[in-house]
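*Asks:* Kindly return the folded structure for what I paste below:
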Amino acid sequence: MNYIPIFKYKERIDIKAYTLVNMNEKEEYVPLVELFLEEKIEMKQIDSKKKFYLSMLIEKNMQFHNAVDYFIDIASAHENIIPVINSDYNYDNKKLSFKYAKKLFKKFEKVAIKINGIKDIFIRENFENILLSVIDDYENLDVFLDIDFAYNYTREQMIEYFGNAINYFLDEIDDEIRTFIISGSIVKVSSIGLDDFHAEDRCNTIKNNMLLAYYELKKIFPELNIKYSDYTIDEKYMFIDDIGGGNFYPAVKYTKNNGDICIYKSPNITEFKDYIKIAKMIESETFFSKSHCCGCEYISDIANSRTDGKGTGNPSTWKTRMMCHHVETMYKLLA
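*Replies:* Numbering: from 1, shown residues only. A predicted model of the protein is given here:
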């Protein structure tokens with residue numbers, strides 16, 4: 001699969017979306033789950049047999065050896081996880097770092113790494129030593145290259161930054177690395193500053209420049225297995241479950257068939273009934289199909305008052321359903 005969605009382990013939104021996505025029969029569907037809270041370490045909402053990448057930052061200055069212990073403990077319940085070593089981990093002395101690296105690679109057949117902020121690529125010395133000295137087969141190493149907030153960059157800039165990072169790994173680590181996964185946030189969480197749905201174009205189209213960069217990188221590096229990964233319609237480092245408390249502008253982020261994001265934003269603060277207006281607008285678009293996914297079914301239900309007394313939905317329910325829509329749209333686009 002060429003698309004890897006990133007879900008933060010938030011039971012009300014991201015993981016609810018994860019469970020709603022209709023991917024049960026697609027064995028190649030392997031998302032990345034990011035875990036931030038130690039009390040969620042059992043990940044009870046995820047099927048123990050499911051395969052997924054797992055990244056953890058459950059301590060502010062997380063030590064590499066602690067992360068390895070967590071990965072091994074989690075694997076007793078989730079046997080098919082692919083551990084993701086985060087570039088933000090801290091390292092103790094070289095002896096302890098190598099001991100735990102060997103422990104990790106002995107336990108797991110496949111391991112991934114995730115390098116954050118690749119615009120100014122930086123790899124800690126002990127991390128680089130581990131990559132150079134411990135790994136026997138680089139074909140079993142997947143490299144996530146995270147540009148963080150992709151919406152801040154042009155397509156050309158991202159081609160340059162991702163390309164430089166790929167070349168760094170091929171030149172400085174090993175040219176046998178085959179799989180690189182470009183990732184980042186493609187849209188802001190906040191819709192403040194965007195036009196409302198009374199504007200002539202009705203929606204604000206956010207160009208998915210990271211996807212365009214992905215297509216170009218596939219051409220530049222035809223010998224590599226380059227994949228695409230994003231935070232769906234969420235944003236990196238945003239870990240707020242209780243969205244919509246207090247004042248907010250009803251807004252819906254709908255992913256178009258080409259990967260761009262169409263944002264419909266109400267001009268009115270906390271007017272829940274405006275979700276109905278937005279649903280009707282989306283339903284009338286030529287690119288809309290009710291049968292596409294559970295997110296599109298939800299839009300049709302809200303537009304036609306088939307809500308079983310649940311009203312118009314709220315920011316959390318809309319975000320959850322549109323995450324599902326984004327995942328299934330990107331999956332089909334990059335299949």
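
*Asks:* just checking, what's the longest helix in the protein?
*Replies:* In the chain, with assignment by DSSP state H, the single longest helix is helix 315-334.

*Asks:* Can you spell out which helices and strands pack onto the one helix or strand N167 maps to?
*Replies:* Assigned by DSSP states H and E, N167 belongs to helix 155-168. The helices and strands touching helix 155-168, judged by 3 or more C-beta pairs under 8 Å, 6 or more residues apart in numbering; DSSP states H and E, are strand 141-149, strand 179-185, helix 209-220. C-betas here are computed from N, CA, C, even on glycine.

*Asks:* What's the separation between A75 and T19?
*Replies:* 21 Å (C-beta to C-beta, to the nearest Å).

*Asks:* so K280 touches S300, yeah?
*Replies:* No. With contact defined as C-beta atoms under 8 Å, K280 does not reach S300; the gap is 9.9 Å.

*Asks:* Does the residue located most distally from the centre of the chain belong to a helix, a strand or coil?
*Replies:* For the chain, the residue at maximal distance from the C-alpha centroid (C-alpha atoms, centre = their mean) is K95, at 33.7 Å. For K95, the assignment made with DSSP: H, G, I helix; E, B strand; the rest coil gives helix.

*Asks:* Report the separation between it and N126.
*Replies:* 10 Å.

*Asks:* so which strand or helix has V252?
*Replies:* strand 251-255.

*Asks:* Which other helices and strands does that strand contact?
*Replies:* Partner elements for strand 251-255 (3+ C-beta pairs under 8 Å, 6+ apart): strand 261-265, helix 274-284, helix 315-334.

*Asks:* residue contacts, C324?
*Replies:* For C324, the contacting residues are 17, 20-21, 293-295, by C-beta atoms under 8 Å, 6 or more residues apart in numbering.

*Asks:* Turn the residues you listed into JSON lines, including pLDDT, neighbour count and distance to F197.
*Replies:* Formatted as JSON lines, the contacts of C324 follow (pLDDT from 0 to 100; neighbours: other C-beta atoms under 10 Å; distance: C-beta to C-beta, whole Å):
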{"residue": "A17", "pLDDT": "92", "neighbour count": "26", "distance to F197": "24"}
{"residue": "L20", "pLDDT": "88", "neighbour count": "18", "distance to F197": "26"}
{"residue": "V21", "pLDDT": "88", "neighbour count": "23", "distance to F197": "27"}
{"residue": "C293", "pLDDT": "92", "neighbour count": "23", "distance to F197": "22"}
{"residue": "C294", "pLDDT": "92", "neighbour count": "16", "distance to F197": "23"}
{"residue": "G295", "pLDDT": "94", "neighbour count": "25", "distance to F197": "18"}
